[in-house]
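S.K.: No sequence on hand, only this structure:
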């Protein structure tokens, strides 16, 4: 299996692309979106919402290459874009679907990202910080219960802090189909730093919430929601709703700017 690590790759040469070259790129995109090469646009093409709004509006969901600014550097990165859910324009930052990827990983892996962008993956704390630090972003979590019914969580505020702060979570403005908000009920996670088995930042003095193949996550104590918990079909679940824990068959975490409105 080919894995896609979210690493900021070689520096993209800055310059003005001639209009004829732009037309060639756009035409190629329209004819064969699955074979998409570098987008032809401004350096701010750094998320799936901007890309859909400004390049073409009938793009299928999938992995795209685009320009991304981070720490003053312009790089080419791969992103999985969900172009259909709730008008599209979503950058997917995590997916679980079959247990094929190991989420019991150290801090360094969670920081840089791991997995297959077409399969199971974690996009990386560094990349999440890079995307969300510049403005107001929203989070949507789509998921499927073991009985194959689906639901979602939605938040109007989502931001991941920087490395020096150990990537604290800012989240709020809950809406969605679930009766309770697992990020704020029982164990409120707003402001919590990220925790892995080799870096314990949770508030439970008796245990590291990431020990025992539980995966890295933001924890106050263990836990009301942990979407990186080991994948399984029975036993203690990792999503707490209405006084019950649930396991999930499929999860996608996705983000886009709050003012995103691709049509």
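M.R.: Yes, it's here. The structure displayed is predicted, hence computed values, not measured ones. Residues are numbered from 1 along each chain as shown.
S.K.: now the helices for the protein?
M.R.: With DSSP state H, the ranges of helices along the chain come out as 19-31, 48-54, 107-112, 125-132.
S.K.: which stretch in these is the model least sure about?
M.R.: Among the helices of the chain, helix 19-31 has the lowest mean pLDDT, at a mean of 42.
S.K.: check contacts around the most centrally placed residue in the chain.
M.R.: For the chain, residue 93 is the residue whose C-alpha lies nearest the centre (CA atoms, centre = their mean; 1.5 Å). Counting by CB atoms under 8 Å, 6 or more residues apart in numbering, residue 93 makes contact with 122, 123, 127, 128, 253, 254, 255. C-beta coordinates here come from the backbone N, C-alpha and C atoms, glycine included.
S.K.: go on, residue 89?
M.R.: By CB under 8 Å, 6+ apart, the contact set of residue 89 is 47, 48, 49, 52, 53, 81, 82, 83, 256, 260, 261, 262.
S.K.: which among these end up buried?
M.R.: For the contacts of residue 89, a burial check counting by 16 or more other CB atoms under 10 Å picks out 47, 48, 49, 52, 81, 82, 83, 256, 260, 262.
S.K.: how about the third one, what does it touch?
M.R.: Contacts for residue 49 were tallied using CB under 8 Å, 6+ apart; they are 89, 90, 91, 256, 257, 260, 262.
S.K.: in the protein, which spans are strands?
M.R.: Taking DSSP state E, the strands of the chain run over residues 62-70, 73-82, 90-96, 114-115, 121-122, 137-144, 150-160, 169-176, 194-195, 217-218, 239-241, 244-246, 250-257.
S.K.: Kind regards, and thank you for your time.
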